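Undergrad: this one's sequence-less:
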């Protein structure tokens, strides 16, 4: 990707424009994002409840890398590459419970839950073959508030640095006590960044979400920026049947994680690129106490909002592809979150040119 200096230059918010259309439609951008964005950040990969006991494992993929997250007999959570050190066979193809070891589905090489090779069938004739010297490649893993995150690269910032202050901000709310309810997935015909740009501003609420605008106080809707995340906040009004009384907290953690927190309710969203003009958004719903009683109306209302977002995001993607778009100026009052996200991307794109 050949980014022009002006395209990746970071300007003050009151002087800034949106990203150029090329970053949403250029095939070379996807390769840069895989290496510089997704491989170098913390990714939400599992729920802690799926990994409660020794031998419980979750299979996932981060930035094209197959992983198996497993709880060891020592209680330690590990993220191992789901790739046998023999000839790249998979150790698991689906989530499991109570495994004693990890056995390659291709040739039967068997690993302990900590990734060390225990047995390799029919390898006696291999000169100087040392079982004890072989172990699965690992990634970094961190458990927080009942959620499990993985980072592929050693130079990814420390988890505590990226999520600094979130637990304190939402206290006394403890997300880990909320019970997982269900998962809903949406496939959207737009670049993954279009969907995130849309999430990061309340500017479109009066125009796209008439129902949501009735329960959020647009006049008090504000955005705060931190090093690796942003927070959109609004008091709730007349939302008792759907969300209850209180406040709406919309955290976005770079590059693709959303934590939507309302009274007795958590919704996590993860946005995954599928193709240049297609993404998947994974919604996990959690409820506690009185939130569970509202789960039906909550999810029905949420689906209505998502359909509205999908429609506008797909129209924006067509506009970006049209050839008739030049980057517009951002609203300092309403689009600070977009500016913050796009500047983190600009930094990644600029680093790819060095």
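TA: Yep, it's here. Nothing here was measured: the structure is a model prediction, and the numbers come from that model. Residues are numbered from 1 along each chain as shown.
Undergrad: buried residues in stretch 243-254?
TA: Of the residues in stretch 243-254, 243, 244, 247, 248, 249, 250, 251, 252, 253, 254 count as buried by neighbour count, 16 or more other Cβ atoms under 10 Å. Just so you know, the C-beta spots here come from the backbone N, C-alpha and C atoms, and that holds for glycine as well.
Undergrad: same question for stretch 140-160.
TA: When neighbours are counted by 16+ other Cβ under 10 Å, the buried residues of stretch 140-160 are found to be 140-152, 156, 159.
Undergrad: any idea which of those residues is closest to residue 60?
TA: For residue 60, the nearest member of the buried residues of stretch 140-160 is residue 150. The distance, counting by Cβ to Cβ, is 7.6 Å.
Undergrad: I'd guessed that closest one sits against residue 41; true?
TA: No: using Cβ atoms under 8 Å as the test, residue 150 is too far from residue 41 to be in contact (10.0 Å).
Undergrad: most widely separated two among the buried residues of stretch 243-254?
TA: Checked with Cβ to Cβ, the buried residues of stretch 243-254 reach their widest spread between 244 and 254, with 28.9 Å between them.
Undergrad: report the contact partners of residue 233.
TA: For residue 233, the set of contacting residues under the criterion of Cβ atoms under 8 Å, 6 or more residues apart in numbering consists of 221, 222, 223, 224, 247, 248, 249, 250.
Undergrad: looking at this, it is in a helix?
TA: No: inclusion of residue 233 in a helix is not indicated when DSSP: H, G, I helix; E, B strand; the rest coil is applied; the result is strand.
Undergrad: which residues does it bridge with?
TA: Taking DSSP bridges as the rule, residue 233 bridges to residue 222, residue 249.
Undergrad: what pLDDT is listed against it?
TA: Turning to residue 233, the model gives it a pLDDT of 95.
Undergrad: picking up where we left off before, in strands only, show me the buried residues of stretch 243-254.
TA: Counting by DSSP state E, the part of those found in strands is 247, 248, 249, 250, 251, 252, 253.
Undergrad: got JSON lines for the contacts of residue 233, with distance to residue 31 and pLDDT too?
TA: As requested, the contacts of residue 233 are arranged in JSON lines below (distance: Cβ to Cβ, whole Å; pLDDT from 0 to 100):
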{"residue": "221", "distance to residue 31": "36", "pLDDT": "94"}
{"residue": "222", "distance to residue 31": "36", "pLDDT": "96"}
{"residue": "223", "distance to residue 31": "31", "pLDDT": "97"}
{"residue": "224", "distance to residue 31": "33", "pLDDT": "98"}
{"residue": "247", "distance to residue 31": "40", "pLDDT": "90"}
{"residue": "248", "distance to residue 31": "36", "pLDDT": "92"}
{"residue": "249", "distance to residue 31": "34", "pLDDT": "95"}
{"residue": "250", "distance to residue 31": "30", "pLDDT": "97"}
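Undergrad: dump the residues you listed into TSV; add distance to residue 13 as well.
TA: What follows is the contacts of residue 233, written out as TSV (distance: Cβ to Cβ, whole Å):
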residue	distance to residue 13
221	17
222	14
223	11
224	13
247	24
248	23
249	22
250	19
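Undergrad: closest one of those residues to residue 342?
TA: Distance from residue 342 was checked for each of these by Cβ to Cβ. The minimum falls on residue 223, at 13.8 Å.
Undergrad: distance of that closest one relative to residue 201?
TA: For residue 223, the distance to residue 201 (Cβ to Cβ, to the nearest Å) stands at 8 Å.
Undergrad: just residue 270 next, same as before
TA: With Cβ to Cβ as the criterion, residue 270 and residue 201 are 19 Å apart.
Undergrad: swap in residue 114?
TA: Noted for residue 114: a distance of 45 Å to residue 201, by Cβ to Cβ.
Undergrad: more crowded one of the two?
TA: Neighbour tally, residue 114 and residue 201, criterion other Cβ atoms under 10 Å: the higher count belongs to residue 201, 21 against 16.
Undergrad: now do the SS call for that one.
TA: Residue 201 - assigned by three-state DSSP - is coil.
Undergrad: surely it touches residue 341?
TA: No: here residue 201 does not reach residue 341: they are 9.9 Å apart, not a contact under Cβ under 8 Å.
Undergrad: what's the burial count for residue 324?
TA: Here the count is done by other Cβ under 10 Å, and residue 324 has 8 residues near it.
Undergrad: give me the secondary structure label for it.
TA: Taking three-state DSSP, the label given to residue 324 is coil.
Undergrad: now do the contacts for the residue nearest to residue 36 when sequence neighbours are not counted.
TA: Excluding the flanking residues, the one nearest residue 36 by Cβ to Cβ, 6 or more residues apart in numbering is residue 348, at 4.1 Å. Applying Cβ under 8 Å, 6+ apart to residue 348 gives the contacts 32, 33, 36, 37, 40.
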